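Asker: Kindly return the folded structure for what I paste below:
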Amino acid sequence: MAGYVAFLVEAAKTRKPWNDEAMSADAAYHLSTRGDTGVNFFDEKAPYFPGITRHTYYIFPFQLGVLAVWYKVAGFSLLSTRVLSILWTLVMLGALYGLLKILSRDRLIAGTAAVLVALDYQVMLGAAFGRYDTLVAALGFSAYTIYLALRERHFRLALLFGNCCLVMAGTTHPNGLLFFIGFWFTVFWFDRKRLRWSEAALAAAPYIVGGTIWAIFIFQDFPAFRGQLLMNSEGRVGLLHPWATLLRELQIRYVTAFGLGAHSAGHQSPLVRLKAVSLVMYLIGIVGCLSWGKIRRHAGFRVLLILTAIHWFYLTFYENMKFSYYLVFLLPLYWSLAAVFVVSLWRALPRAGWVVACALALASLIQVGGIGARIRLDDYANSYLPAVEFLRQHAGPNQQVNAACSFGFGYGFDRNLMDDPTLGYYSGRKPDYIVAEEIYDGWWESVEPEIGQYCKKMLAEYDLIYDQAFYRVYRRRNLAN
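Answerer: Numbering: from 1, shown residues only. Below is the predicted model:
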């Protein structure tokens, strides 16, 4: 366990920061130090973030509260932010082990599943990343496990504690809804005859308490809440276009995320495609469990199969952003099915079982090697930090820098840093320096033509003074040095 944690910490130390991490980290830091969740690197004159210097609403409050407490304990840094994500990943792995142990009544299956999930490339990548998805996954799978562990002897406590986990997950990210659906499927599957109005009221209590606390926060600045939420929720639901969202799911969440499509900057090796070996293993586990009557008829495995289907349908047809971060909600179930199949096959046909087990071991080795390659690449030290140091040497403390907010971890969030990819289209502000990399490049490729033309015109007024390792720094022409 210690070696695994050390490996994830090393992955966290060598990965360059991303804007999602900075958005929640800076807001949580302000909550821990000055008592509000506002951030100063977004422009309130833009239509995207009304009231953002006072309140952050587009990130849900439980994540910010947890981070704020964590910063009091561990201090504020990019690494401490990511270490918290690693800790939540360990909670998720423990919850998954408990879930499989209850459903299968087999320690070998539960342990195999937990190991396979722990060594999954996407899971390890998410653990070394300071987003909130591991927190949602940890709470969601904990809700399943707590309910199943307590339901026979303490039914009401099972409902209460399970729904407390769901409220915390839902007030961290809207994808908590996925676990809410899975949880109540589990309740009705096992205990629909035991439900009474008193149990329903007890289950509702956490939502009333959580909703009341959240409402108090919302009504501190309801127009800002509405504006930020509308901005951040646009295009997130794919139910109205099922065929299009299915194609996006396959292309983005599987083809691209598993190395068969475009890669992120600095990760162009053809070996990246080896990540796709995992897709074969997922498929073997799913097909194997569905085609084996003994597994299908097993009461616990049937629940596992249905939960996998619920998670898959939600992510495929409801959630339309298709971020690979969200795979942490589904891959643990894929690997659980693979564990069920390989252990069952090994016991029924030892020779065939050993072949599949060796294939799973090879897939895990490839995935660990993939994270090892990222550690060796060290785009934090070799790409991100040189750009930060260059700008620190050239930009004065009173000069305006326009860069993705992730730049703030190294450069400093309080050094006149603005994250405005429109380059002053709404505010009219002209920064002294502009830092461009894949975040801004991607935004400029997809923005409305009028704003895109404005950005090109603005860049023409700047000189390119740094262009290394996927970072470019522009200085306003005739700026006094």
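Asker: which residues sit in contact with G288?
Answerer: 295, 337-338, 341-342, 345 (C-beta atoms under 8 Å, 6 or more residues apart in numbering). In this view, the C-beta of every residue, glycine as well, is placed from N, C-alpha and C.
Asker: which residues are in contact with the helix or strand that contains A6?
Answerer: Per DSSP states H and E: A6 is located in helix 2-13. Residues from elsewhere that reach helix 2-13 (C-beta under 8 Å, 6+ apart): 79, 82-83, 85-86, 89-90, 118, 124-125, 127-129, 368, 371, 374-375, 380.
Asker: what do you get if the cut-off is 7 Å, keeping everything else the same?
Answerer: With C-beta atoms under 7 Å, 6 or more residues apart in numbering as the test, helix 2-13 has contacts from 79, 82-83, 86, 118, 124, 127-128, 371, 374-375, 380.
Asker: what does whatever helix or strand comes next after it contact?
Answerer: Toward the C-terminal end, the helix or strand that comes next after helix 2-13 (DSSP H and E) is helix 19-33. Contact partners of helix 19-33, identified using C-beta under 7 Å, 6+ apart, comprise 36-39, 56, 59, 63-64, 67-68, 71-72, 76, 78, 81, 130-132, 404-406, 408-409, 413, 439.
Asker: Low-confidence stretches in the stretch 101-250 of the chain?
Answerer: 235-236, 238 (pLDDT under 70).
Asker: what ranges do the strands span in it?
Answerer: Using DSSP state E, counting those that start in this stretch, the stretch 101-250 of the chain contains no strands.
Asker: in the helix or strand that contains Y466, what counts as buried?
Answerer: Taking DSSP H and E as the criterion, Y466 maps to strand 462-468. Using 16 or more other C-beta atoms under 10 Å as the burial criterion, the residues of strand 462-468 that qualify are 462, 466.
Asker: now stretch 439-455
Answerer: Neighbour count says stretch 439-455 has 439-440, 443-444, 447, 451-452, 454-455 buried, by 16+ other C-beta under 10 Å.
Asker: any idea of the mean pLDDT for that stretch?
Answerer: For stretch 439-455, mean pLDDT rounds to 89.
Asker: for that stretch, the distance to its chain's centre please.
Answerer: 25 Å (C-alpha atoms, centre = their mean, to the nearest Å).
Asker: Same check on stretch 391-405?
Answerer: The answer for stretch 391-405 is 29 Å, by C-alpha atoms, centre = their mean.
Asker: Check the separation of the first and last residues in it.
Answerer: For stretch 391-405, the first-to-last residue distance is 14 Å (C-alpha to C-alpha, to the nearest Å).
Asker: Identify the residues contacting that stretch?
Answerer: 19, 22-23, 41, 411, 415-420, 423, 431-435, 437, 439-440, 473.
Asker: returning to what we had before: identify those among the contacts of helix 19-33 that sit within strands.
Answerer: The members of these all map outside strands under DSSP state E.
Asker: Report the buried members of those residues.
Answerer: Buried among the contacts of helix 19-33 by 16+ other C-beta under 10 Å: 37-39, 56, 59, 63-64, 67-68, 71, 76, 78, 81, 130-132, 404-406, 408-409, 413, 439.
Asker: Quick check: the gap between the closest residue to S324 other than its chain neighbours and L315.
Answerer: Of all residues beyond its chain neighbours, the one nearest S324 is A257 (3.9 Å), with distances taken as C-beta to C-beta, 6 or more residues apart in numbering. For A257, the distance to L315 (C-beta to C-beta, to the nearest Å) stands at 12 Å.
Asker: do M281 as well
Answerer: Counting by C-beta to C-beta, the separation of M281 from L315 is 19 Å.
Asker: Then W18?
Answerer: 21 Å.
Asker: for G259, same thing?
Answerer: In terms of C-beta to C-beta, G259 sits 19 Å off from L315.
Asker: can you check I295 too?
Answerer: Counting by C-beta to C-beta, the gap from I295 to L315 is 23 Å.
Asker: Pick out whichever of these two has more residues nearby.
Answerer: L315 (23 against 20; other C-beta atoms under 10 Å).
Asker: what's near enough to touch that one?
Answerer: 326, 329-330.
Asker: Phi and psi next, for R476.
Answerer: phi -60, psi 130 (degrees, to the nearest 10).
Asker: wait, which of the contacts of G288 is closest to A158?
Answerer: L337 (24.7 Å; C-beta to C-beta).
Asker: Run a quick neighbour tally on the residue lying closest to the closest one once chain neighbours are set aside.
Answerer: With sequence-adjacent residues excluded and distances taken as C-beta to C-beta, 6+ apart, L337 is closest to G285, at 4.0 Å. Neighbour count of G285, defined by other C-beta under 10 Å: 25.
Asker: what do you get for R153?
Answerer: 8.
Asker: One more: I371?
Answerer: Using other C-beta under 10 Å: I371 sits among 22 other residues.
Asker: I'd like to check which residues are in contact with it.
Answerer: Contacts of I371 by C-beta under 7 Å, 6+ apart are 11, 121, 124-125.
Asker: the helices in the stretch 1-150 of the chain, which residues?
Answerer: Applying DSSP state H, counting those that start in this stretch to the stretch 1-150 of the chain gives helices spanning 2-13, 19-33, 61-74, 78-104, 107-118, 121-127, 133-150.
Asker: How about the stretch 151-300 of the chain?
Answerer: So, for the stretch 151-300 of the chain - with DSSP H, counting those that start in this stretch - the helices run 155-170, 176-191, 197-218, 222-233, 242-248, 277-291, 293-297, 299-313.
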